[in-house]
Each structure stands twice: as C-alpha cells, then as structure tokens.
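[1] Let me see the structure of the following:
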Amino acid sequence: MVAKDLSMTSDPVGPVRRWSPFNSIKFFVFCHSVLQLAQLLVSGYMKSSISTIERRYGLTSQKSGLLAAFNEVGNTVLIVFVSFFGSRVHRPRFIGGGAVLACLASLLMALPHFLNGPYDYTGRISSSSDNSSGLCQSGSLVTSLSPNQSCSEEESPAQQGVYPLLLLGQLLLGIGAVPIQPFGISYIDDYASRKNSPLYLGILLAVTSIGPAFGFVTGSFMLRFYVDFDKFPKDQINLRHGDLRWVGAWWLGFLVASCLLLLAALPYVFFPREMPQEDAEGDVESRPDSEQQQTDPLQELSLLQFLKSFPRIALRTLRSPIYLLVVLAQVNLAALLSGLATFMAKFIERQFSQSVPFSNMMIGGVGIPLAVLGIVLGGVLMRRLNLSVSGASKICTAAILLCTFTAMPLLLIGCPTQTVNGVFPAGTDASCSSSCQCPKGAFNPVCGSDGVEFKSPCHAGCAGRTMDANGSVTNYTECRCVGGLGHASPGTCGSGCVHLLRPFMVLLGLTSFIASFSQTPSYMMILRTVPTEDKSFAVGVQYMLFRVLAFMPGPVLYGSVIDTTCILWGEKCGKKTSCHYYNLDRFRQRFLGLMVIFVCGGLLCFLLTVVVLRRRAGHQEPQRESKGGYELVNGEKTPENTLSKEKEIEGIKT
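    All right, here's what the predicted structure looks like:
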C-alpha cells in the first residue's frame, strides 16, 4: 500500500513543478499593468509640467514642444528591432531593463533642479526690511547692480546645460519604453489561454489609457508646492498659485515616478523566459509541443536580412488603400492628441486665468477619462453590432463628423486679452514711468485700481507698498500711472471671463469622448484589411508612422503656433526667454483652429475609406463570410500565400 502511494506521488515524466507566482500569467499581467502605469505616469507628468519647466528655465513653446516630443526619437529608431528580436530574447528581463533605464531617465529629468540655484524672479523680497525692490525709484543702484549678478548665474555651465539634460532624459525615457509594451503584449499572448488573452490585453489597454490621466493628476498635486520648498522655509515663499511668476515643484513628480519604476522593474528578474501555458480553465499546464506552434519564417532571418526585408514588406502593406487611408486618419487624430495633451493645460491657464494645478486637474480628471470611456464604448459598440469593415468605416466617419460640430464652437468660447499698459492694445502710452528707470526685464504683474494691468509696480509708477505679518505684499500705493484711487494689487487682472470655463470644458470633454469612439473600429479595420502573415508588420508600420508624422512633429507644430501669438517676450541678459503675455484671441483661434484642421483631415480620410469600400463592393464578388463578420481579406494562409512568402524570404536570404 505504501509502495502504491509512493508511485502515485512520483512523476514518471519529471519532478513535480512547484507553484510559483512567477509561473502565473495572471501575476505577469498584474506586474505589467503596474509597470505600464508607472511608465505612462512619467509621460503624462512630463506633459503636465511642460509649461512650468518652460517658465522656470525661460523656454519658448517651440522648445518645450520639442522637449515633449523628444522621447519619440529613441522610440522610433529602436522600435524596428523589437519586431526582429520578437521571442528570440528573454523578454521579461528586457522589459525590466527598459524599466530601469526609464527610472534613470526620470532621475535625470529632475537633476537640473539640484544643479542650479534657487528660482529667481522679479520682485523677490530677500528680507523683511527690503522696502525698495521693484518700486519706482529714480537712479536706484539696486536696479543697476542686480542684472549683472543674475547674468553671471544665467551664464553658468549648470544653467546652460539644463535643456540638453532634459533632452537626454527624454531620449533615454523613450529608449527605455521600447521593449515594455510590445514584449509585454506578445509575452501575454503567447502564454495566456485563448479565452483569457483578450481580457488580459483589455486590462493593459485600459491602463495604457488611464496612465497619462494619473500623470496629470499627479502634476496637479505636485505643482501646488513651490519649486524651491526644499531650499527655503515656508515663511520666505511669497508667491501664490495664481501669480504668473509661480513655478511649482516640477521635479518632485519625477523622483516619485523613478521610485515606482524601480519597484515595478524588480519582479521581471524572476519571470522565466518561457512560461507554462495557461489552459482555458485557468490552470497551468506545460507548454504545447513545438509541432503545435506555428513559426514565422521571418524569425529565421539574420538582423541584416531582416532590415533589408522591412522596407519591402512595409511598402507592400502601404499599397493597401484602406490601410493607408485609415492610418492617415489616425495620424491626424494622433497629431491632434499630442498637441492638445502637451499644451491644453497651458491654454486653460492663460485663456481663463486659472492656476497650473487646476488646469492639469481639468485635463487629467475630465478630458482623459471621457476619452477612455469613448474608447471602451466604441469597442462595445463594435462587438454588439458585429460590424464589418464597411460598417466600422461608417462608424468612424460618423464619429469624426459629429466631432467637428462639437469642436467648431470652441473657437468662439474664450476671453479677450486684458489691457496691459504699454503692451496691449498696441500704442498705449507707457511714458509716465519713464523716469522710474525700471529694469528692462522686470515682470511682476500688478492690477491697477482702474482695471489696467502693468508689467511691474515700477511700470505702474508705484512708490510704496503695504505688507502683512508674513512679509507678503498686500497693496501697492502712490502709483502715479494708475487712474482713480492710484493703488494696485499684486497679480494679474485676469481675462475676466472665468464663467466661460464650464461650457468650454463640457464641449471639450464631449469632443474627446466622440473622437475616441473611432479608435477601436479604426484599429480593427487595420487588422482586418491586411493578410494574416503581415499583421504584426502592419501594426509596427502604423505605430512608426504615428511617431514620425504625429507624435514627433505635433507638439513642435503646436508650440510654434502658440509662439506666434506672443505679444511680450521675457528678456534676461539680452536673450529672449518665455512669453509673458499672449494675444488671447489669436491664441484661441490658432491653437483650436489647428485642432479643427486635424479633425477635418481625419474626417476626409475616413470618408475616402467609405467611398473605396463601396466601389470595391460594387466591382468584386462578395467574399466568403468569415467568423464574426469582421474579415475583409481571407485570414487563412492558403498554400499559394505561404509558398509566395517562403519564396520571398528565400530571395532575401540569397
């Protein structure tokens, strides 16, 4: 009886495999969701902090747009190699290595804060006894000496290396992100059961969509702290959130994100190269035999042969008119998304006189969640109606057409530019402060009692001020350039139409919700209009075009357009810095007008897909119905297709 029991516990094939969480695909999905959330949090946080970094280091919007897009450079260059390496490498360890590199990149992004001195701004009070800084004083020695001191700091190597450091951090962040999503998705698809694989990939897609929202919400929280709260005691910080000179602790979120990335990278050291296959019931079995797996002939190629074959297969894929039109439509929408994600918070801040943290909360708490909801409902609609490719094209066209009707009114909802003495309207008299010898780069906005804004108390001709017990200025007095009562309050007068923010956000949220309806149907159109053996290449080419045509130039284009609306540039040490004042009407018309142009471009491409599919249906015989009603091309590999591809591969090898 004992011998019988022993025989039952022994395994005739090999030793009994002990259960480990690192042999569970479910645990891998959990770890990968956490990692993607941390990685996308960095990306979203970067966009939420871009206007703050721009103000802190005196960057133009074009430069900050280039900075936001620079992580796509490394990603675009290396994404081709992901298609080549595929399952040839230890994918979990490559993912972990990418996460560690992203962690180091995030630390590098925060480094300029620690290498440079405190944030210096016009009107900063060095002590409670300092009663003259920023006021109208003829022949003041302070105004003649302070620029020389600040210029020596401006020309220091640490200050000049800020922008290259930030660019390098963005480049490394893009390189670190290369293996994370592609290798993670392929690893899950290889070892998850057919029943659970869509669920796992759906979870990753949801995290991918929600991750940037967490970045914006994190930015909203971190930017409430003053940038130098680690260098000054709280009682020496005199700026408020609504002040145009306010700079939040942009660096703090990068430190938090780097810690999360490092923690999320650790489990990938322990995941095996090949995981036991999950069956339909969720149990774990050994991997199926090799004869049950289909091998891709491209996996037999060397790296040089693969690089030679990539352009040929990419061009073959682009010859499909439906594929090309859908990708171009998605490129338009991706360029729209990249620009709005980078600068919409800045638009809300300037247009409606809101603080940076509040503007980020509007994007992360309203805009992005509504877009995620639209993506989910678009997929549900696609599944419920069991739409064909033709039906999917009509859904996309209808969604973008409706999107144009919700986007157009946004051009009309905005605020006029406030009156700024000597700046706007052009030609206003600013001679009354000429004897005050105001520093040329002085920027400390005050709002006069007559409703006119001035660049600084000095430009308003103010000779005195009152302060509270904390050392903060409460009022400027004896202002000879101010009409009426002759006093001015610290801060900007604002655009005076905060009440329009609510209808603007309703329309913006509705636009993002409707536009995102097209994402899932358009993605399915791409998968169903190319041969089965070219699907992985089609998706790879799609994402490459996204980066080259949308994600890289989009933020730079939007930033350049914003710069054309500036009416007063900052100046320090004879160099142009960030913009102080914008013409708000031009800002709104050009910024949102560019959005409408991209929406119309996407609509045109989707309309052409409807026309092409209708003509194709009229000239060709109805194809054999396929499973689920999605297929436009036959997804099965016929002997002729397989033979032709094998001949092509052999030709590449020789």
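[2] Quick one: end-to-end length of stretch 410-424, please.
    For stretch 410-424, the first and last residues are 24 Å from each other (CA to CA, to the nearest Å).
[3] contacting residues around it?
    By CB atoms under 8 Å, 6 or more residues apart in numbering, the surrounding residues in contact with stretch 410-424 are 351-353, 425, 428-430, 451-455, 459-460, 481, 492-497, 500, 503-504, 507-508, 511, 567-568, 581-585, 588-589, 592-593, 595-596. For the C-beta atoms, the positions are set from N, CA and C on the backbone; glycine is no exception.
[4] Buried subset of these, written for ChimeraX?
    Of those, the buried ones can be selected in ChimeraX as follows, counting by 16 or more other CB atoms under 10 Å:
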select :351,352,353,430,452,453,454,455,459,460,481,492,493,495,497,500,504,507,508,511,567,568,581,582,583,584,588,592,595,596
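[5] Filter the contacts of stretch 410-424 down to just the ones in strands.
    The strands, defined by DSSP state E, take in 453-454, 567-568, 581-582 from the contacts of stretch 410-424.
[6] Which two of these have the greatest separation?
    Distance extremes for the ones in strands among the contacts of stretch 410-424: the farthest pair is 454 and 582 at 17.1 Å, using CB to CB.
[7] Now do the helices in the stretch 1-150 of the chain.
    For the stretch 1-150 of the chain, helices defined by DSSP state H, counting those that start in this stretch occupy the ranges 2-9, 25-57, 61-69, 71-85, 91-115, 141-154.
[8] Any chance of those in TSV with mean neighbour count, distance to residue 575 and mean pLDDT as columns?
    Below are the helices of the stretch 1-150 of the chain laid out as TSV (neighbours: other CB atoms under 10 Å; distance: least, CB to CB, whole Å; pLDDT from 0 to 100):
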stretch	mean neighbour count	distance to residue 575	mean pLDDT
helix 2-9	8	79	45
helix 25-57	24	12	91
helix 61-69	25	12	92
helix 71-85	18	26	75
helix 91-115	21	18	93
helix 141-154	13	8	52
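[9] Can you list the residue ranges for strands in the chain?
    For the chain, the strands identified by DSSP E occupy 446-448, 453-454, 464-467, 473-477, 488-490, 566-572, 575-582, in order along the chain.
[10] Can you say which of the ones you listed is nearest to residue 383?
    Comparing the strands of the chain by their distance to residue 383 (CB to CB), the top pick is strand 575-582, with 45.1 Å.
[11] mind giving me the domain ranges of this structure?
    Domain assignment of the chain by the TED database yields the ranges 20-137+159-276, 313-417+496-619, 431-490.
[12] Go through those and name the closest to residue 304.
    Residue 304 sits nearest to domain 20-137+159-276 of all those, at 10.2 Å, using CB to CB.
[13] on that earlier part again, would you list the strands of the chain in CSV and tack on mean pLDDT?
    Formatted as CSV, the entries for these read as follows, by pLDDT from 0 to 100:
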stretch, mean pLDDT
strand 446-448, 91
strand 453-454, 91
strand 464-467, 86
strand 473-477, 87
strand 488-490, 90
strand 566-572, 88
strand 575-582, 88
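[14] Let's have those in JSON lines, adding distance to residue 73.
    Written out in JSON lines, the entries for the strands of the chain read as follows (distance: least, CB to CB, whole Å):
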{"stretch": "strand 446-448", "distance to residue 73": "43"}
{"stretch": "strand 453-454", "distance to residue 73": "40"}
{"stretch": "strand 464-467", "distance to residue 73": "49"}
{"stretch": "strand 473-477", "distance to residue 73": "45"}
{"stretch": "strand 488-490", "distance to residue 73": "42"}
{"stretch": "strand 566-572", "distance to residue 73": "27"}
{"stretch": "strand 575-582", "distance to residue 73": "24"}
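[15] Which one, of those strands, ends up nearest to residue 190?
    Comparison of the strands of the chain against residue 190 by CB to CB identifies strand 575-582 as nearest, at 48.6 Å.
[16] Relative to the closest one, what are the paired strands and their orientations?
    Sheet neighbours of strand 575-582, with direction, are listed as strand 566-572 (antiparallel) (DSSP bridges).
[17] what about dumping the CA coordinates of the strand it pairs with to PDB?
    Written as PDB, here are the backbone C-alpha positions of strand 566-572 (Å, rounded to 0.1, in the frame of the first residue of the first chain):
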ATOM      1  CA  CYS A 566       3.000  86.200 -28.100                       C
ATOM      2  CA  ILE A 567       2.900  90.000 -27.600                       C
ATOM      3  CA  LEU A 568       5.500  90.300 -24.900                       C
ATOM      4  CA  TRP A 569       8.600  88.100 -24.600                       C
ATOM      5  CA  GLY A 570      10.600  87.900 -21.400                       C
ATOM      6  CA  GLU A 571      14.200  89.100 -21.600                       C
ATOM      7  CA  LYS A 572      17.200  88.200 -19.500                       C
END
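[18] could you give the angle of it to helix 61-69?
    80 degrees (axes from the mean of the first three to the mean of the last three CA atoms, to 10 degrees).
[19] now strand 566-572, how far from the centre of its chain.
    Its chain's C-alpha centre and that of strand 566-572 lie 27 Å apart, by CA atoms, centre = their mean, to the nearest Å.
[20] Over to stretch 39-49?
    Distance, stretch centre to chain centre, for stretch 39-49: 6 Å (CA atoms, centre = their mean).
[21] For it, give me every contacting residue.
    Taking CB under 8 Å, 6+ apart as the criterion, the residues outside stretch 39-49 that touch it are 68, 71, 99, 102, 105-106, 109, 170, 173, 176-177, 180, 207-208, 211-216, 218-220, 222-223, 248, 250, 253-254, 257, 260-261, 341-342, 345, 360, 363-364.
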